[in-house]
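> Build me a model:
(one chain, ligands or ions: 1)
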Amino acid sequence: LQAEQPYRTAYHFQSPQNWLNDPNGPMYYKGVYHLFYQYNPNSAWFGDGMVWAHSASYDLINWFGLDHALVPSEPFDAISCWSGSATILPGDKPVILYTGIDANYNQVQNLANPKNESDPLLVEWVKYSRNPLMTPPDGVKGDNFRDPTTAWQGPDGTWKVVIGSYSNSQGMAILYQSQDFVHWTMHRDPLYSSSKTEMWECPDFFPVSINSTNGVDTSVENPSVRHVMKASFNSHDYYIVGTYVTEQERFLPDADFTGTSSDLRFDYGKFYASKSFFDGKKNRRILCAWVNESDSMEDDLKKGWSGLQSIPRQIWLDLNGKQLVQWPVEELNSLRDNEVYVYDKQLESGSVFEVSGITASQADIEIMFELPKLEEAEFIDTSLVDPQLICDKQDASVTGKFGPFGLLALATKDLTEQTAIFFRVFRDHKDYKVLMCSDQKRSSLRNELDKTTYGAFVDIDPQREMVSLRTLIDHSIIESFGGKGRSVITTRVYPKLAINDEAHLFAFNNGSLSVRVSRLNAWSMNKAQITAGGEPGTIS
Ligand code: DQQ
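Numbers count the residues shown, from 1 in each chain. You can find the predicted model right below:
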């Protein structure tokens, strides 16, 4: 099958057929991880009739399918069951808040409870009879009111939840409060709003520890945490870090959204509608997201499927307090096999070397670069501020001084096909700037693919730290973590020739100065056991 379907992945979550998008209600409950997700049982395209498909896992990597958890059935979700979140209420009682598209195509918020709380698989869900709990308030259009977050509880016991919206030319998180999780009142002001943003989809609001990579549960509020507000719009997941003033129900970000390329994103490539949850098993916060296709809709019909889930990532606040850091969950390492490594290898200007001995279409690579004579780096052109534009203009074929150097993934032997994930290091006054790029221009001989270049600055000081990259390659998806997870770029590529056993992996340096690979470790990745919800064999 892999021969006929070279773009299917081996260790990313995907469905055997049809369309999937947003992760919904991820949670850890009684020893089991749950992933619900938006799924169209009828087509490889998005459409009416969206359901919450459901898979479960013991390790976030291998998944087994369960019956659909929520399907359109009632007036309050007659057209579709759209995105939402899970909250675990005191007494270990999980509940779901989700958006129903009602019979009039209005967006309303609904509650569902497990039929049997003692079942760790939470297979059956019962919709609350008095749904909907929230309907579009005055001034909010019926199609601008969706995607409830995980709720949190204030010190006085009040429950709070935010809903994504758009009103008065501002994207926003509308705040609702409740004493009993059933009767909800809208707060006077949104928890946060911004005129620099469009409609907010899938907001997420959660605390992060200021001095630990450990996660904290969503209701934690004390001086050792700060808060993150994330919103999905403009095809990306943007976030701001700030202080949550519980008594006033205000979120005070360190810096507002600006609507420019300097806004922080979880991922500077393809990664949308993400959702995080607190994993009480390992005291960490986990982030997962939908990664859509870059081929045409006709291709999706031909393939019969569309959409992947990212590898779940642990997420925490950088020690500098300015941004988040992400790293694939450690459980992914259990799929690593056949390690090959290279230590202390000089990469002269213009050199390319093949990393052989692994399945290059299904691999995990960690590489660290040392830059001798750092002071010889070229000065950055300060008129260029948008990293994505710099990466596009100065793509992998354009020689600089330090850079481009990095990896050529899913490449043919002769390099006609290649996806280049690379760095450039610039001087900026007395400091340095590290640019990370993912260049898809030569990723496939096929046309009619979206081959947009992606780029981001990586907040590391190359005087103190090596320039590092971890890249996960899985047939048609490449997830790259720069600077130990400070900037992440995910991309989708569809090589024509560099598929399966014909795919190769190289390290390269196309800069005029030589760089040193201090170390490279690469692994073939085994296939994960994944069955999606609603398939034959599903547990019901
Ligand atoms: N996808 C869902 C919506 C959400 C959007 C519908 C984000 O609830 O706003 O599938 O991708």
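> Leaving out chain neighbours, which residue sits closest to the residue of the stretch 351-500 of the chain found nearest the ligand?
Distances between the stretch 351-500 of the chain and the ligand by CB to the nearest ligand atom are smallest at residue 490, namely 15.4 Å. Placement of C-beta: from N, CA and C, glycine included. With CB to CB, 6 or more residues apart in numbering as the criterion, residue 490 has its nearest non-adjacent residue at 4.2 Å, and that residue is residue 269.
> Okay, and that neighbour sits in which element?
Counting by DSSP states H and E, no helix or strand carries residue 269.
> Am I right that it is in contact with residue 455?
No. If you go by CB atoms under 8 Å, residue 269 and residue 455 don't touch, sitting 9.3 Å apart.
> which residues do the two both contact?
438, 489 (CB atoms under 8 Å, 6 or more residues apart in numbering).
> Kindly report the residues of the chain close to the ligand.
21-22, 38, 50, 82-83, 99, 146-147, 201-202, 272-273 (CB under 6 Å from any ligand atom).
> sorry, back to before: can you pull the phi/psi pair for the residue nearest to residue 490?
Here is the backbone geometry of residue 269 (degrees, to the nearest 10): phi -120, psi -130.
> Around it, how many other residues sit close by?
The number of residues packed near residue 269 is 25, by other CB atoms under 10 Å.
> what does residue 219 give?
18.
> can I assume it sits in a strand?
No. Assessed with DSSP: H, G, I helix; E, B strand; the rest coil, residue 219 is coil; it does not lie in a strand.
> ok, the residue of the stretch 351-500 of the chain closest to the ligand touching residue 476?
No. When contacts are counted by CB under 8 Å, residue 490 is not listed as touching residue 476 (11.4 Å).
> In terms of neighbours, single out the busier of these two.
residue 476 (28 against 24).
> Quick check: end-to-end length of stretch 58-76?
End-to-end distance for stretch 58-76: 33 Å, by CA to CA, to the nearest Å.
> can you pull the buried residues of it?
Neighbour counts over stretch 58-76 (16 or more other CB atoms under 10 Å) mark 60-72, 74, 76 as buried.
> where's the spatially closest residue to residue 393 that is not a sequence neighbour, which helix or strand?
Nearest residue to residue 393 in three dimensions, chain neighbours excluded: residue 384, at 7.8 Å (CB to CB, 6+ apart). Assessed by DSSP H and E, residue 384 sits outside every helix and strand.
> In the stretch 301-450 of the chain, which residue sits closest to the ligand?
Closest residue of the stretch 301-450 of the chain to the ligand, CB to the nearest ligand atom: residue 307 (10.2 Å).
> Next, the contact list for the closest residue to that residue other than its chain neighbours, please.
Nearest residue to residue 307, sequence neighbours excluded (CB to CB, 6+ apart): residue 20, at 4.2 Å. Each residue near residue 20 by CB under 8 Å, 6+ apart is listed here: 14, 37-40, 53, 290, 305-309, 532.
> how does it look with 6 Å?
Residue 20 sits next to 37, 39, 307 when contact means CB atoms under 6 Å, 6 or more residues apart in numbering.
> Out of the residues you listed, give me the one that has the most neighbours.
residue 37 (28 neighbours).
> Spatially central residue in the chain, please.
residue 289 (3.8 Å; CA atoms, centre = their mean).
> pretty sure that residue contacts residue 275?
No. Contact status for residue 289 versus residue 275: not in contact, 7.4 Å apart, counting by CB atoms under 6 Å.
> quick check, residue 344 in a strand?
Yes. The assignment for residue 344 by three-state DSSP puts it in a strand.
> Now do it, the pLDDT please.
Residue 344 is assigned 97 on the pLDDT scale.
> Return the member of the buried residues of stretch 58-76 nearest to residue 252.
residue 60 (33.1 Å; CB to CB).
> and that closest one, how far is that from residue 286?
Using CB to CB, to the nearest Å, one gets 7 Å for the distance from residue 60 to residue 286.
> what touches both of these two?
With CB under 6 Å, 6+ apart, residue 60 and residue 286 have common neighbours residue 312.
> next structured bit after the helix or strand where residue 99 lies?
Residue 99 belongs to strand 93-101 when elements are defined using DSSP H and E. Per DSSP H and E, the first helix or strand lying C-terminal to strand 93-101 is strand 107-114.
> Distance from that next one to the middle of the chain?
Centre-to-centre, strand 107-114 and its host chain are 24 Å apart (CA atoms, centre = their mean, to the nearest Å).
> Which elements pack onto the helix or strand following that strand?
With elements assigned by DSSP H and E, the helix or strand that comes after strand 107-114 is strand 125-127. Contacts defined by 3 or more CB pairs under 6 Å, 6 or more residues apart in numbering; DSSP states H and E place strand 125-127 against strand 107-114.
> Grab the nearest non-local neighbour of residue 39.
residue 53 (3.7 Å).
> how far away is the one you found from residue 41?
8 Å.
> what about the two, which has more around it?
More crowded of residue 53 and residue 41, by other CB under 10 Å: residue 53, with 28 against 17.
> and the angle for the host helix or strand of the more buried one with strand 93-101?
Secondary structure assignment for residue 53, by DSSP H and E: strand 51-57. Angle of strand 51-57 versus strand 93-101, following axes from the mean of the first three to the mean of the last three CA atoms, to 10 degrees, is 150 degrees.
> per-domain residue ranges of the protein.
For the chain, automatic domain parsing gives the domain ranges 18-331, 336-525.
> Put together TSV for these, with distance to residue 3 on each row.
Converted to TSV, these look like this (distance: least, CB to CB, whole Å):
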stretch	distance to residue 3
domain 18-331	14
domain 336-525	7
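> what's the closest of the ones you listed to residue 10?
domain 336-525 (4.9 Å).
> Could you tell me the end-to-end distance of the closest one?
Length of domain 336-525, first residue to last, CA to CA: 5 Å.
> residue contacts, residue 219?
152, 153.
> Please determine how far it is located from the ligand.
24 Å (CB to the nearest ligand atom, to the nearest Å).
> For residue 13, which non-adjacent residue is closest in space?
residue 309 (3.9 Å).
> before we move on, the earlier item: roughly how far apart are the residue nearest to residue 39 and residue 16?
From residue 53 to residue 16 the distance is 12 Å (CB to CB).
> Could you do residue 507 as well?
35 Å.
> Which helix or which strand is home to the closest residue to the ligand within the stretch 251-400 of the chain?
Residue nearest to the ligand within the stretch 251-400 of the chain: residue 273 (3.8 Å; CB to the nearest ligand atom). Applying DSSP H and E as the criterion places residue 273 in strand 272-279.
> I would like the residues contacting that strand, please.
22-23, 26-28, 202, 204, 206, 215, 217, 232, 237, 266, 285-287, 289-290.
> can you do 7 Å?
Outside strand 272-279, the residues that touch it by CB atoms under 7 Å, 6 or more residues apart in numbering are 21-23, 26-28, 83, 85, 150, 201-202, 204, 206, 215-218, 232, 235-237, 266, 285-290, 292, 315.
> With stretch 162-175 instead?
By CB under 7 Å, 6+ apart, the list of residues contacting stretch 162-175 reads 109, 134, 139-140, 144-149, 160, 176, 186-187, 190-195, 197-203, 205, 229, 231, 233, 249.
> Export only the CA atoms of that stretch, formatted as CSV.
C-alpha atoms of stretch 162-175 as CSV (Å, rounded to 0.1, in the frame of the first residue of the first chain):
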residue,chain,number,x,y,z
VAL,A,162,-13.5,31.4,26.6
ILE,A,163,-15.1,31.2,23.1
GLY,A,164,-13.5,32.3,19.9
SER,A,165,-15.2,35.2,18.2
TYR,A,166,-15.1,38.4,16.1
SER,A,167,-17.0,41.5,16.8
ASN,A,168,-16.5,45.3,16.3
SER,A,169,-13.6,44.5,14.0
GLN,A,170,-11.7,42.7,16.7
GLY,A,171,-10.8,39.0,17.1
MET,A,172,-11.5,38.0,20.6
ALA,A,173,-11.9,35.4,23.4
ILE,A,174,-15.4,36.0,24.9
LEU,A,175,-15.4,35.0,28.6
